[in-house]
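Visitor: Predicted structure and sequence below. I'll ask about it afterward.
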Amino acid sequence: MIPDAWITPWLAWFLAAIAFATLEMFLPIFIFLFIAIGCLGVALALLLFDLSLTQQLILFIVVTISSLLVLRKSMMRIFRGVTADRSDTDFNDFPYGERVQVLRAIKPPQAGRIQHRGTAWDAVADEPVDAGTTVEIIGYTGSSRQTFHVRKSN
């Protein structure tokens, strides 16, 4: 049995702050941290002032919304971390110059099929290429990344 003196309002707000901060760690939304800050603000205020329940709730709402407006953007930067930049030039897995086998003849302007990394891909060339010929990948066709542009390899 817990004596009534142990459950003071400031302790209840403090425990609520800990509960919301803990909840923030397990859920993917970024809002419980600010609710925890609101609870902590009320707990600290109750240590200094004698507030009615209405005053506590108003202070909780004000502190929560204020912390949300002031801190959310900067905290999102901290907790989101760094993502890789897609324009990074260090990473390029384009198979330029890779020699591949033609599966189905390429007859310009019709596309043929090539075998690349275990998969059949559409490919076009500037000149006719027979099936079974080895060709070299020199790029994509236009903006498509589904069709390779190839040329006969030497």
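Guide: Sure, I can see it.

Visitor: Quick one: mean pLDDT for stretch 144-154?
Guide: Mean pLDDT, stretch 144-154: 85.

Visitor: Between the two ends of that stretch, what distance do you get?
Guide: End-to-end distance for stretch 144-154, by CA to CA, to the nearest Å: 26 Å.

Visitor: cool, and stretch 24-33?
Guide: End-to-end for stretch 24-33, by CA to CA: 6 Å.

Visitor: Show me which residues of that stretch are buried.
Guide: By 16 or more other CB atoms under 10 Å, the buried positions in stretch 24-33 come out as 24, 32-33. Where C-beta positions appear, they are placed from N, C-alpha and C, glycine not excepted.

Visitor: Let's have the residues you listed in CSV, adding secondary structure.
Guide: Shown next, in CSV, are the buried residues of stretch 24-33 (DSSP: H, G, I helix; E, B strand; the rest coil):
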residue, secondary structure
24, helix
32, helix
33, helix
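
Visitor: which one's the longest helix in the chain?
Guide: helix 53-80 (DSSP state H).

Visitor: Packing partners of that helix?
Guide: helix 9-26, helix 32-48 (3 or more CB pairs under 8 Å, 6 or more residues apart in numbering; DSSP states H and E).

Visitor: and of those, who's closest to residue 150?
Guide: When the helices and strands packed on helix 53-80 are compared by CB to CB, helix 9-26 sits nearest residue 150, at 51.2 Å.

Visitor: Now that closest one: buried residues?
Guide: In helix 9-26, counting by 16+ other CB under 10 Å, buried: 10, 13-14, 16-17, 20-21, 24.

Visitor: how near is the closest residue to residue 34 other than its chain neighbours to residue 112?
Guide: Nearest non-adjacent residue to residue 34, counting by CB to CB, 6 or more residues apart in numbering: residue 68, 4.4 Å away. For residue 68, the distance to residue 112 equals 58 Å [CB to CB, to the nearest Å].

Visitor: if you count what's nearby, which of those two comes out ahead?
Guide: Taking neighbours as other CB atoms under 10 Å, residue 68 and residue 112 compare with residue 112 leading, 24 against 18.
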